[in-house]
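Trainee: how would this look folded up:
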Amino acid sequence: MRTFRTRTTTAAATALLAALSLTACQDNPSATPTPTSSAAKATPTSDRATPDGATPDGATPDQASSEATSGGTTGTPAGDGTSPGKPAATPTGGTRGEPGSGAPATEPCGADVKVTYTPVSRPLNHGLLTLTNTGAQPCDAYHAPLLRFDDAQATTPVNGASKPQAVVTVAPGESAYASVTLAAADGSGSHGGTARTLEVRFAPRGGEGSTDAAPAVITLPADTYTDSSASVTHWLRSMDDALMH
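Mentor: Down below sits the predicted model:
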């Protein structure tokens, strides 16, 4: 019986010590550290890819966008017509003389020209005016020459049937032509007489009045006869075209 009691006492003491030890562990969690994985302790490195919308080195998204745009190396540059920003420039320009094109219009002939008069045998009672461009730039021979024989009060009538399809542009060194009908071939004209001089003025583009260029004053051949049927053609591109009228 004594032996049984000793073993029972020993077992009870062992159980009490185990209970005290368990209570101490619960009151001090740090006594038994919790293992951690190496993945949880790993620190991200700078080689990690930067997510969309984030920027390296502490820059904000707005700063990165502004730098990329101003540097012109990332994205679509503003102003190319495919992204917000300044619209792409529209080329300007146009052909010479068009309104609003910025290109200079061809000047009317008159300032740098030489005008000559030549009598012709055919057609009868006709003469030929030749306008030669002596300048360095092309000029436009608008409408018809404005003629006055001697001290006539009115200009010589223009033959409307001679109007060309387009204005004759005269390059430097080249010429335009107009034929002058001096008198009616059948003698039906009136107020006939001998003319000594012929004044030639130049029409502007609009056709009203004359340009500021000084007139060409030509001394006519002796016995140049004119009457009320005198007329002049428009400036034409060739001598043959002029003498058809």
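
Trainee: my read: Met158 touches Ser231, true?
Mentor: Just to correct that, residue 158 is Val rather than Met. Yes: taking C-beta atoms under 8 Å as the definition, Val158 is a contact partner of Ser231 at 6.7 Å. All C-beta spots, glycine's among them, are computed from the backbone N, C-alpha and C.

Trainee: okay but Thr194 is in contact with Asp227, surely?
Mentor: No: using C-beta under 8 Å, Thr194 is not in contact with Asp227, being 10.7 Å away.

Trainee: these two: who's more crowded?
Mentor: Asp227 (17 against 12; other C-beta atoms under 10 Å).

Trainee: quick one: the strands in the chain, in order.
Mentor: Remark: strands assigned in the chain by DSSP state E are 107-108, 113-120, 126-133, 139-141, 146-149, 168-170, 175-181, 193-201, 216-226, 231-232.

Trainee: can I get the longest one in CSV, CA atoms only?
Mentor: Think strand 216-226. Taking C-alpha atoms only, strand 216-226 is exported to CSV below (Å, rounded to 0.1, in the frame of the first residue of the first chain):
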residue,chain,number,x,y,z
ALA,A,216,4.6,104.8,-125.7
VAL,A,217,4.5,107.5,-128.3
ILE,A,218,5.3,106.3,-131.8
THR,A,219,6.1,108.5,-134.8
LEU,A,220,4.1,107.0,-137.7
PRO,A,221,5.4,106.5,-141.3
ALA,A,222,4.6,109.3,-143.7
ASP,A,223,1.2,109.2,-145.3
THR,A,224,-0.4,107.0,-142.7
TYR,A,225,-4.1,107.4,-143.4
THR,A,226,-6.9,106.8,-140.9
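
Trainee: average pLDDT for it?
Mentor: On average, the pLDDT along strand 216-226 is 97.

Trainee: listing partners with orientation, what would you give for it?
Mentor: strand 193-201 (antiparallel) (DSSP bridges).

Trainee: next, the buried residues of the strand it pairs with.
Mentor: Counting neighbours by 16 or more other C-beta atoms under 10 Å, one finds that the buried residues in strand 193-201 are 195, 198-201.

Trainee: dump those into a markdown table; add pLDDT and distance to Ala184 as well.
Mentor: A markdown table is the format used below for the buried residues of strand 193-201 (pLDDT from 0 to 100; distance: C-beta to C-beta, whole Å):
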| residue | pLDDT | distance to Ala184 |
| --- | --- | --- |
| Ala195 | 98 | 15 |
| Leu198 | 98 | 18 |
| Glu199 | 98 | 22 |
| Val200 | 98 | 22 |
| Arg201 | 98 | 25 |
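
Trainee: CSV for these, including distance to Ala222?
Mentor: Output for the buried residues of strand 193-201, formatted as CSV (distance: C-beta to C-beta, whole Å):
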residue, distance to Ala222
Ala195, 11
Leu198, 13
Glu199, 18
Val200, 19
Arg201, 24
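
Trainee: among these, which one lies nearest to Thr219?
Mentor: Leu198 (8.2 Å; C-beta to C-beta).

Trainee: for the closest one, which non-adjacent residue is spatially closest?
Mentor: Ile218 (4.6 Å; C-beta to C-beta, 6 or more residues apart in numbering).

Trainee: gap between that neighbour and Ala184?
Mentor: 22 Å (C-beta to C-beta, to the nearest Å).

Trainee: can you pull the contacts of the nearest residue to Ser162 once chain neighbours are set aside?
Mentor: Distances taken as C-beta to C-beta, 6+ apart place Thr233 nearest to Ser162, at 3.7 Å, with adjacent residues excluded. Contacts of Thr233 were listed using C-beta atoms under 8 Å, 6 or more residues apart in numbering, and they are 144, 158-159, 162, 178-180, 242, 245.

Trainee: with distance to Glu208 added, can I get these in CSV?
Mentor: Listed next are the contacts of Thr233 as CSV, based on distance: C-beta to C-beta, whole Å:
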residue, distance to Glu208
Ala144, 13
Val158, 14
Asn159, 19
Ser162, 20
Ala178, 19
Ser179, 24
Val180, 22
Ala242, 24
His245, 23
